[in-house]
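Participant: need a structure here:
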Amino acid sequence: MDQRLTVCSDGRTPQGSSGLVCRGQAAPRNQGENSPVGKAPLPGRPWALVWLRWCVASLFLAACAVLWCWCVVWCNDAVVTALDIRPGIGDVEQANRKIKVGMTKAEVRALLGRPNREDADEWDYYETVFVGSVLRVRFGADGLVAEHSWWVD
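Facilitator: Numbers count the residues shown, from 1 in each chain. Predicted coordinates for the structure are as follows:
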């Protein structure tokens with residue numbers, strides 16, 4: 001059995017069961033050829049990890065830019081339509097009483113606001129966002145109110 005005697009820097013022998021640690025010193029860990037302590041993640045190429053992170057970040061930003069451009073081009077109509085939803089006008093029967101045959105489109109718009117659905121010759125006003133009752137105003141060829149009616153949808 002080979003026993004080695006270690007002497008500390010102050011001339012005393014080490015304490016402990018292993019006989020390898022001097023008082024006031026930390027125990028040696030993972031010392032040898034396979035020790036990870038003090039080694040870079042990619043030995044000899046410290047710039048490689050920085051370059052890799054830069055490439056990943058650049059690809060992420062490029063993907064975000066492509067997605068944003070796609071949304072601007074293809075989703076623009078959907079976003080505008082979603083933001084264009086207006087609330088209803090409330091009591092449709094009361095609004096129907098305010099409309100008179102012979103009113104212009106500008107007069108109807110001033111009285112009830114922008115319609116929920118607008119065609120060339122007829123406008124629909126909804127009671128609520130979830131429809132409920134509908135007031136339809138039809139215009140003649142001269143642009144004046146020809147008829148108006150309401151119903152529960």
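
Participant: longest helix anywhere in the chain?
Facilitator: helix 46-74 (DSSP state H).

Participant: from residue 50, how far out is residue 57?
Facilitator: 11 Å (C-beta to C-beta, to the nearest Å). For glycine as for every other residue, the C-beta is placed from the backbone atoms N, C-alpha and C.

Participant: in stretch 114-126, which residues are buried?
Facilitator: 115, 116, 123, 124, 125, 126 (16 or more other C-beta atoms under 10 Å).

Participant: in a markdown table, list these along with secondary structure, pLDDT and distance to residue 144.
Facilitator: Converted to a markdown table, the buried residues of stretch 114-126 look like this (DSSP: H, G, I helix; E, B strand; the rest coil; pLDDT from 0 to 100; distance: C-beta to C-beta, whole Å):
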| residue | secondary structure | pLDDT | distance to residue 144 |
| --- | --- | --- | --- |
| 115 | coil | 90 | 16 |
| 116 | coil | 87 | 21 |
| 123 | strand | 93 | 13 |
| 124 | strand | 92 | 18 |
| 125 | strand | 90 | 17 |
| 126 | strand | 89 | 23 |
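
Participant: now for those: which two are most distant?
Facilitator: The span of the buried residues of stretch 114-126, defined through C-beta to C-beta, is set by 123 and 126 at 10.9 Å.
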